[in-house]
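In: Fold the stuff below for me.
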Amino acid sequence: MTLQQLKYAIEIAKCGSINIAARKLFITQPSLSNAIRELETELNISIFQRTNRGISVSVDGAEFLGYARQVVEQTELLEKRYFNTKPSAQHFSVSTQHYAFSVNAFVNLIKEYGNNEYEFSLRETKTYEIIDDVKNLRSEIGVLYLNEFNSKILNKLFKENNLKFTKLFVAKPHVFISINNPLSKQKVVTIEDLRDYPYLCFEQGEYNSFHFSEEILSTLSHKKT
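Out: Predicted coordinates:
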């Protein structure tokens, strides 16, 4: 096992693709595949699960990569201390649904910690991809909306992928309307009041379903635009 092999494995997990990782590492795909295969043979584990749809990090691989990152980071600190070289910036990525508060929190994080030691990345994406990003270590944190309609299926996915859901806060539904809208004269707006109005929802791709929608109104029958 070499330090270079550890860096290779970390880059593949980050990219989610051996081909993409090979291009970024400036080596051929076969050479990278052989290096990882030799590492897996030496460790007697499968770091990555290979399917027709690509690769993903295995349970054993997730544990290994956690240790590998520590080794690489400590090595870079040693190089900085004794060879006066600047270590590579650490990566911190967040995958989230389309929430303004996530963007605001992410901006505040960058302001607080700056970008000298970290490379920050924010991915606004779909429910399934958020879970997949965190599972395969492409993101450290995923931000999702859990409600009574989707909690059963999402909690099942969390358990299957060895992920932990931590509640940030309880979000109340909000309706933003024009002052010229008849509903603006009401003190309270119910879901039934909104039934005849068109609404927009975020596309969830091939995994689109009632369970993966973050809009509470998706449980009703509406006219869509």
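In: ends of stretch 138-156, how far apart?
Out: Terminal residues of stretch 138-156 are spaced 21 Å apart (C-alpha to C-alpha, to the nearest Å).
In: what about it, distance to the chain center?
Out: From the chain centre to the centre of stretch 138-156 is a distance of 11 Å (C-alpha atoms, centre = their mean, to the nearest Å).
In: Could you list the buried residues of it?
Out: Of all the residues in stretch 138-156, those buried under the rule 16 or more other C-beta atoms under 10 Å are Arg138, Ser139, Gly142, Val143, Leu144, Asn150, Leu154. C-beta coordinates here come from the backbone N, C-alpha and C atoms, glycine included.
In: ok now do the fourth one, which residues does it touch?
Out: This points to Val143. Val94, Ser95, Thr96, Gln97, Tyr99, Ser102, Ile130, Leu168 (C-beta atoms under 8 Å, 6 or more residues apart in numbering).
In: If I look at Ser218, what pLDDT would I see?
Out: With respect to pLDDT, Ser218 scores 40.
In: what's in contact with the longest helix anywhere in the chain?
Out: With residue count as the measure and DSSP state H as the assignment, the chain has helix 59-83 as its longest helix. Applying C-beta under 8 Å, 6+ apart, the external contacts of helix 59-83 come out as 3, 6-7, 9-10, 13, 43, 45-49, 57, 85-88, 90, 135, 137, 162.
In: now with 10 Å?
Out: Under the criterion C-beta atoms under 10 Å, 6 or more residues apart in numbering, residues 1, 3, 5-10, 12-14, 39-40, 43-49, 55-58, 85-91, 135-137, 161-162 lie in contact with helix 59-83.
In: So Ile55 sits against Lys14, correct?
Out: No - Ile55 lies out of contact with Lys14 (C-beta atoms under 10 Å); the separation is 12.0 Å.
In: Look up how far Asn19 lies from the spatially closest residue to Asn136 that is not a sequence neighbour.
Out: Spatial nearest neighbour of Asn136, excluding adjacent residues (C-beta to C-beta, 6 or more residues apart in numbering): Val57 at 4.8 Å. Distance, Val57 to Asn19, by C-beta to C-beta, to the nearest Å: 16 Å.
In: Those two: who's more crowded?
Out: More crowded of Val57 and Asn19, by other C-beta atoms under 10 Å: Val57, with 22 against 13.
In: That one: what's it in contact with?
Out: Val57 is in contact with 9, 12-13, 16, 46-49, 63-65, 135-138, counting by C-beta under 10 Å, 6+ apart.
In: before we move on, back to that, return every residue with contacts to both of Ile55 and Lys14.
Out: Common neighbours of Ile55 and Lys14 (C-beta under 10 Å, 6+ apart) are Ala21, Asn136.
In: ok, the residue sitting furthest away from the middle of the chain - contacts?
Out: Distance from the C-alpha centroid of the chain, by C-alpha atoms, centre = their mean, peaks at Lys185 (40.8 Å). Shown in contact with Lys185 (C-beta under 10 Å, 6+ apart): Ile179.
In: what are the ranges of the helices in the chain?
Out: 3-15, 18-25, 29-43, 59-83, 100-113, 127-135, 151-160.
In: Single out the most deeply packed of those helices.
Out: Among the helices of the chain, helix 127-135 has the highest mean neighbour count (mean count of other C-beta atoms under 10 Å), at a mean of 21.
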